[in-house]
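Participant: Sharing a model prediction with you, sequence too.
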Amino acid sequence: MKRDTHRSFAKCAGKENGLPETGTFFAVVGPSGAGKDTLIDAAQKSLGKDERFVFARRYITRPENSGGEAHHAISPNAFRQKMKDGAFALSWSAHGLCYGVPSTVVEATEAGAHVVCNLSRGALPEAARVFANLAVLHVTAPPEVLAQRLAKRNREEAPDIGRRLTRSAPQITKQDRVVEIENVGPVEETALQFIQALLKLSAERA
């Protein structure tokens with residue numbers, strides 16, 4: 001069973017567990033097909049027993065069995081209601097879908113946990129306002145690699161893939177806590193680079 005943020009973090013807080021006062025929110029961003037989910041899954045397998053790290057599960061308005069990341073499937077109406085109720089720390093829409101990060105991730109970071117979450121580049125400005133410690137892992141790949149991966153996952157028709165590849169996304173501002181990861185080589189090597197970045201940045205203070 002995958003760990004997500006729907007749990008109590010009280011037992012993790014405090015000096016007795018050696019956690020910092022505020023944990024880091026790791027925003028994993030990049031274009032569709034860059035392999036963000038693959039790297040996050042690899043990190044979760046490696047760090048899943050480390051209570052310092054939490055892997056957030058997003059709410060998405062698409063069926064649970066649609067492939068890709070494990071997520072909380074939710075209807076558009078229920079999503080809008082959760083937004084009104086303040087259930088999301090961050091939310092956005094893209095590719096005809098709505099995405100929400102549960103507000104419990106704020107509680108998690110305040111308790112000292114480091115939260116890893118697949119995020120939209122467009123949500124980064126809001127994430128910087130919500131989280132005291134924000135680090136960005138920007139996963140990239142050449143356009144031809146992105147196209148091959150999107151076609152292989154068989155979730156969209158060719159025109160939809162074309163729109164994803166040509167979609168203009170907000171540029172990531174240069175800051176000290178941004179790590180660029182090009183995901184083109186053996187996945188084991190890139191995953192190791194990804195995990196090392198998580199461990200290095202989590203040991204630093206913003």
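Facilitator: Received it, and whenever you're ready, just let me know what you need.
Participant: rest of the way, CA atoms for contacts and neighbours
Facilitator: Noted.
Participant: is the most centrally placed residue in the chain in a bridge, and if so with what?
Facilitator: Taking Cα atoms, centre = their mean, the centroid of the chain lies closest to residue 118, which sits 1.6 Å from it. Beta-bridge partners of residue 118, counted by DSSP bridges, are residue 28.
Participant: How far does the helix or strand where residue 78 lies sit from its chain's centre?
Facilitator: If you go by DSSP states H and E, residue 78 is part of helix 76-84. Computed by Cα atoms, centre = their mean, to the nearest Å, the chain-centroid distance of helix 76-84 equals 21 Å.
Participant: List the buried residues of that helix.
Facilitator: For helix 76-84, burial by neighbour count (16 or more other Cα atoms under 10 Å) applies to 79, 83.
Participant: what's whichever helix or strand comes after that helix packed up against?
Facilitator: Next helix or strand after helix 76-84 toward the C-terminus (DSSP H and E): strand 88-94. For strand 88-94, the contact count by 3 or more Cα pairs under 8 Å, 6 or more residues apart in numbering; DSSP states H and E identifies strand 97-102, helix 104-110, helix 124-130 as packing neighbours.
Participant: if we go to 7 Å?
Facilitator: Applying 3 or more Cα pairs under 7 Å, 6 or more residues apart in numbering; DSSP states H and E, one finds that strand 88-94 makes contact with strand 97-102.
Participant: What residues of the strand it packs on count as buried?
Facilitator: Judged by neighbour count (16+ other Cα under 10 Å), strand 97-102 contains these buried residues: 98-102.
Participant: same check, this time on stretch 59-72
Facilitator: Neighbour-count burial for stretch 59-72 [16+ other Cα under 10 Å]: 59-62, 69-71.
Participant: Dump those residues into JSON lines; add distance to residue 135 as well.
Facilitator: As requested, the buried residues of stretch 59-72 are exported to JSON lines (distance: Cα to Cα, whole Å):
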{"residue": "59", "distance to residue 135": "21"}
{"residue": "60", "distance to residue 135": "23"}
{"residue": "61", "distance to residue 135": "26"}
{"residue": "62", "distance to residue 135": "28"}
{"residue": "69", "distance to residue 135": "21"}
{"residue": "70", "distance to residue 135": "22"}
{"residue": "71", "distance to residue 135": "22"}
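Participant: nearest to residue 87, of these?
Facilitator: Within the buried residues of stretch 59-72, distances to residue 87 taken as Cα to Cα reach their minimum at residue 59, with 10.4 Å.
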